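S.K.: let's see this in three dimensions:
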Amino acid sequence: MNIEQTVSTAVADLALGSTFTFDDLVGAIQDHRQRTLRIVELADLGDHDGICAVWLITESEDLVLHAHSDSVLHRQQFVLHEFAHMILGHGEDDECSTEDFLLPDIPARTRRRLLTRQDLDSHTEIAAEALADHLAAAIRGSVCGESRYLEIFG
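M.R.: Presented below is the predicted three-dimensional model:
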């Protein structure tokens with residue numbers, strides 16, 4: 001399946017229509033994954049650290065940690081990229097690997113996602129960024145209303 005088809009299928013599966021709010025998207029992801037989704041900005045994390053955002057899967061929730069940026073759109077893209085990984089089912093494979101020995105305190109799924117982030121040309125990273133772009137366009141196309149979007153992105 002090519003990336004355009006992957007993105008189109010993922011958007012259709014969300015059943016949100018062509019425009020939606022940030023809150024609608026968060027709700028759809030929580031419904032799809034049957035777990036709470038929490039978004040937290042880490043002031044000490046910056047894109048100069050090489051990680052703009054990370055999705056952590058805990059026992060009880062999905063947690064997206066993102067770096068600060070003075071650009072609202074930049075911060076939004078950090079978070080939407082991680083949402084895209086969730087929607088596309090990336091990082092759900094629990095296979096053990098040699099990293100178990102090297103980084104035993106970090107969950108296997110998180111280790112794999114962090115260690116593969118440097119491969120920005122991979123199919124999964126390109127698909128996640130393409131879906132994040134599509135999600136951003138749909139959110140911008142929605143009618144501005146009461147939303148946690150402003151609470152999170154300013």
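
S.K.: so how many other residues sit close to residue 86?
M.R.: Other residues near residue 86 come to 21 when the count uses other C-beta atoms under 10 Å. C-beta here means a position set from N, CA and C on the backbone, and glycine is covered the same way.

S.K.: skip the chain neighbours and tell me the closest residue to it.
M.R.: residue 29 (5.7 Å; C-beta to C-beta, 6 or more residues apart in numbering).

S.K.: thinking the one you found is in contact with residue 37, fair?
M.R.: Yes - the criterion here is C-beta atoms under 8 Å, and residue 29 meets it with residue 37 at 5.6 Å.

S.K.: any shared contact partners between those two?
M.R.: 62, 86 (C-beta atoms under 8 Å, 6 or more residues apart in numbering).

S.K.: can you pull out the helices in this structure?
M.R.: 3-14, 22-33, 72-88, 99-102, 108-116, 123-141, 148-153 (DSSP state H).

S.K.: in a markdown table, list these along with mean pLDDT.
M.R.: Output for the helices of the chain, formatted as a markdown table (pLDDT from 0 to 100):
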| stretch | mean pLDDT |
| --- | --- |
| helix 3-14 | 91 |
| helix 22-33 | 94 |
| helix 72-88 | 92 |
| helix 99-102 | 46 |
| helix 108-116 | 56 |
| helix 123-141 | 91 |
| helix 148-153 | 65 |
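
S.K.: can you tell me which of the ones you listed is most buried?
M.R.: helix 72-88 (a mean of 21; mean count of other C-beta atoms under 10 Å).
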